[in-house]
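Trainee: Fold the following, please.
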Amino acid sequence: MPGTKEELADPVREPLLRVDALGVDIDGTPVLDGIGFSLARSRTLGIVGESGSGKSMTALALMGLLPRGAVRRGSLHLDGQALDALDEPAMRRVRGARIGMVFQEPMTALNPLHRIGDQVAESLVLHRGLSRTDARRDASAVLDRVGLSTAIARGRRYPHELSGGQRQRVVIAIAIACSPLLLIADEPTTALDVTTQAGILSLLRELQRDEGLALLFISHDLAVVADMADELLVMTKGEVVERGTFDEVFAADAHPYAQRLHAASTRPPRQRRRTVTDTPLLVAEGVSCSYPGPRRRLFGPRERSVAVKAVSLDIRPGESVGLVGESGCGKSTFARALLGLQPIDAGRLSFDGVPIEGGHTRATRRRVQVVFQDPYGSFDPRHRVARLVAEPLHLLDERPSRRETRRRVAAMLERVGIGGHALERYPHEFSGGQRQRIAIARALIVEPSLVVLDEAVSALDVSVRAVVLDLLATLADERRLAYLFISHDLSVVRRVTDRLHVMRAGAIVESGDTAAVFAAPRHPYTQGLLAAVPTLPALSGQGVAMRSTHRP
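Mentor: Residues are numbered from 1 along each chain as shown. So this is what the prediction gives:
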């Protein structure tokens, strides 16, 4: 549990990290102003706030990784060393050796061309001067330390061969390889299912306990931060508006923004009008998918690794169907099969009564859109937002004029909470949550009949998530829009879906009405998922008491 106020003020706890009056201007525009805090060894400081509030920019300022055109002000001290006085070559010796960072999107933080063992070993070669052989040996030990299996810990696999949770463990391994003093975790569990999230959080606690790490934990999930942090900073518009223990931050007399943040975390989305018909829009019957595995012999056939095993489900117009399960269980593979992006080995698919064989037709592609889990990976980084959001418009029978296209794109961006000023900007200029909203706008601009949402709100902060879910409910009412909602956030799935399917190891282990499954789960796996969900109780008169059912 978080430390008491007296413990946090203990003079014996000398701060390892001290930040005073930190400010950042980008091309003359202030994005951080007057940020100040301190952090002692073996302690955790949580930073929460909406997307774009300056949380990640604060971390990048500490690492000396600010974007081009940025100017940093203020003072930064780590273990008595003035980081703000170091030039770039000196900061390179600090990054990875004294400060490790776990980035929000592991797939973009890893080099897809290099094996994971070599990427962990690189830090050991650069900062410890080890030979390649010794570095690879130590890298295997670090990968084993973060809980990866023996086969993966040997480091011969590439990032794309791992699940999201496994990739996040690799990123953590890179960050701790040289035993840093400070570990910065920027949304380390955003895209992970609840059981994998619990494992990652437990790993971070274990590393902190064993290594004496100071942990700067950035997240938009208040329940997760409650489980991790000793003290909390609440940020908005580049400023700190509240600081203290959780009881102090969310007390009745706390800053209005902190109160709104808590209210958004507990507010259910607007209820949709259920106008579901008996005629299915999409039907999957006995769908199985597999991937080629390694060769057992040089010229022998490859074995197949089965990812989806005889899955059957249907989705009706206006209905929201949930699909949940652990990372790597086959949810995304099944979604790709529905979209015609993954060949199926057995079973059949049909959309609006028409069998899907060999991929979707042009008309069907317009009616079935998708929002992928990784927004950055689904965008061409060379294109501006105006072009990215307008891409699906080529599926229309009559493509609108350039002026009409721009009007539609601007209007859709406004609907998902991104202003029209974003039209001429590039994807890398947005936060992870903002990029996800842009991805949702791109999927909705052609007015589809079915949207596959693959972790579509996992990267959004709580207030924006509530807005987006309300938007999805409104669109379902207006257009009888159907959703396949793939998510690890069971609290969201519980509120926005009509029926629920639970997947494990490629197979559906439990199905039923969402309310019934949550009220009385039958399968032990479903029971375990629900037990791992972190909870955030309502505020009391003295503040908010936080707890999590997966806390060890």
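Trainee: the domain parsing of this structure - what is it?
Mentor: The chain breaks down by automatic domain parsing into domains covering 15-264, 282-520.
Trainee: And those: which comes nearest Pro534?
Mentor: Closest approach to Pro534 among the domains of the chain (CB to CB): domain 15-264, 3.8 Å. Where C-beta positions appear, they are placed from N, C-alpha and C, glycine not excepted.
Trainee: Show me the shaky parts of the stretch 401-550 of the chain.
Mentor: 432-433, 459, 536-550 (pLDDT under 70).
Trainee: Tell me which stretches of it form strands.
Mentor: With DSSP state E, counting those that start in this stretch as the criterion, the stretch 401-550 of the chain has strands at 450-454, 482-486, 499-504, 507-513, 534-535, 547-548.
Trainee: Determine the angle, from 0 to 180 degrees, between the second one and strand 499-504.
Mentor: To tie it back to what came earlier, the one meant is strand 482-486. With axes from the mean of the first three to the mean of the last three CA atoms, to 10 degrees defining the directions, strand 482-486 sits at 30 degrees from strand 499-504.
Trainee: His160: how many residues sit nearby?
Mentor: Neighbour count for His160, taken as other CB atoms under 10 Å: 9.
Trainee: That one and Pro112 touch, don't they?
Mentor: Yes - counting by CB atoms under 8 Å, His160 touches Pro112, with 6.2 Å between them.
Trainee: May I see the buried residues of stretch 138-156?
Mentor: Buried residues in stretch 138-156, defined by neighbour count with 16 or more other CB atoms under 10 Å: 138-140, 142-148, 152-155.
Trainee: For stretch 93-105, give the distance from the opening residue to the closing one.
Mentor: Across its full length, stretch 93-105 reaches 24 Å end to end, with CA to CA, to the nearest Å as the criterion.
Trainee: hmm, back to that, max pairwise distance over the buried residues of stretch 138-156: which two?
Mentor: Counting by CB to CB, the most remote pair of the buried residues of stretch 138-156 is Asp138 and Gly147, 16.7 Å apart.
Trainee: Any buried residues in stretch 112-124, and which?
Mentor: Quick answer for stretch 112-124 (16+ other CB under 10 Å): Arg115, Ile116, Gly117, Asp118, Gln119, Val120, Ala121, Glu122, Ser123, Leu124.
Trainee: do the same with stretch 237-256
Mentor: Here stretch 237-256 shows 238-251, 254-255 as buried, counting by 16+ other CB under 10 Å.
Trainee: Counting only strands, which of these make the cut?
Mentor: Within those, residues falling in strands by DSSP state E are Glu239, Val240, Val241, Glu242, Arg243, Gly244.
Trainee: any chance of the buried residues of stretch 138-156 in CSV, plus pLDDT?
Mentor: Shown next, in CSV, are the buried residues of stretch 138-156 (pLDDT from 0 to 100):
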residue, pLDDT
Asp138, 93
Ala139, 92
Ser140, 92
Val142, 91
Leu143, 91
Asp144, 89
Arg145, 86
Val146, 88
Gly147, 84
Leu148, 86
Ile152, 83
Ala153, 78
Arg154, 81
Gly155, 79
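Trainee: Burial check on the nearest residue to Gly377 once chain neighbours are set aside, number of neighbours?
Mentor: Excluding its sequence neighbours, the residue lying closest to Gly377 (CB to CB, 6 or more residues apart in numbering) is Met107, at 6.1 Å. By the criterion of other CB under 10 Å, Met107 has 19 neighbours.
Trainee: was I right about Met107 contacting Ser378?
Mentor: No - counting by CB under 8 Å, Ser378 is not a contact partner of Met107; they are 11.1 Å apart.
Trainee: where do the contact lists of these two overlap?
Mentor: Residues touching both Met107 and Ser378 (CB atoms under 8 Å, 6 or more residues apart in numbering): none.
Trainee: and Thr279, helix, strand or coil?
Mentor: With DSSP: H, G, I helix; E, B strand; the rest coil as the basis, Thr279 sits in coil.
Trainee: measure it to Gly318 for me?
Mentor: Applying CB to CB, to the nearest Å, the value for Thr279 to Gly318 is 11 Å.
Trainee: Do me a favour and average the pLDDT over the host helix or strand of Ile200.
Mentor: If you go by DSSP states H and E, Ile200 is part of helix 194-211. Helix 194-211 carries an average pLDDT of 85.
Trainee: next one: that helix to chain centre, how far?
Mentor: 17 Å (CA atoms, centre = their mean, to the nearest Å).
Trainee: do stretch 107-124 as well
Mentor: 20 Å.
Trainee: For it, which outside residues touch it?
Mentor: Defining contact as CB under 8 Å, 6+ apart, one finds that stretch 107-124 is touched by 96, 103, 130, 132, 134-136, 138-140, 142-143, 152, 154-160, 162, 164, 167, 170-171, 173-174, 177-178, 374, 376-377.
Trainee: of the buried residues of stretch 138-156, closest to Val283?
Mentor: Relative to Val283, the closest of the buried residues of stretch 138-156 is Ile152; by CB to CB it sits at 36.7 Å.
Trainee: so what's the closest one up against?
Mentor: Contacts of Ile152 (CB under 8 Å, 6+ apart): Ile116, Leu143, Leu162, Gln166.
Trainee: Spell out which two among those residues are the most distant pair, please.
Mentor: Using CB to CB, those span at most 10.9 Å, a distance reached by Leu143 and Leu162.
Trainee: Pull up the overlap in contacts between these two.
Mentor: Common contacts of Leu143 and Leu162, defined by CB under 8 Å, 6+ apart, comprise Ile116, Ile152, Val170.
Trainee: okay if I get those residues as CSV plus distance to Leu183?
Mentor: CSV is the format used below for the shared contacts of Leu143 and Leu162 (distance: CB to CB, whole Å):
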residue, distance to Leu183
Ile116, 19
Ile152, 21
Val170, 15
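Trainee: Just the ones in helices from those residues, please.
Mentor: In this view, those that belong to helices under DSSP state H are Ile116, Ile152, Val170.
Trainee: ok, and for stretch 390-405, which residues are buried?
Mentor: Buried residues in stretch 390-405 (16+ other CB under 10 Å): Ala390, Pro392, Leu393, Leu395, Thr405.
Trainee: can you give me the helices in the stretch 301-450 of the chain?
Mentor: Along the stretch 301-450 of the chain, counting by DSSP state H, counting those that start in this stretch, helices occupy 331-338, 362-367, 385-390, 402-415, 432-444.
Trainee: my read: Gln373 touches Lys331, true?
Mentor: No - contact criterion CB under 8 Å: Gln373 and Lys331 do not qualify, at 9.6 Å.
Trainee: just for the stretch 201-350 of the chain, where's the confidence low?
Mentor: In the stretch 201-350 of the chain (pLDDT under 70), the answer is 252, 267-277, 294-302.
Trainee: does Leu76 belong to a helix or a strand, and which?
Mentor: strand 70-78.
Trainee: re earlier: what pairs with the very next helix or strand once past the helix holding Ile200, parallel or antiparallel?
Mentor: Beyond helix 194-211 on the C-terminal side, the first helix or strand identified by DSSP H and E is strand 214-218. Strand 214-218 has its sheet partners listed here by DSSP bridges as strand 44-49 (parallel), strand 182-186 (parallel).
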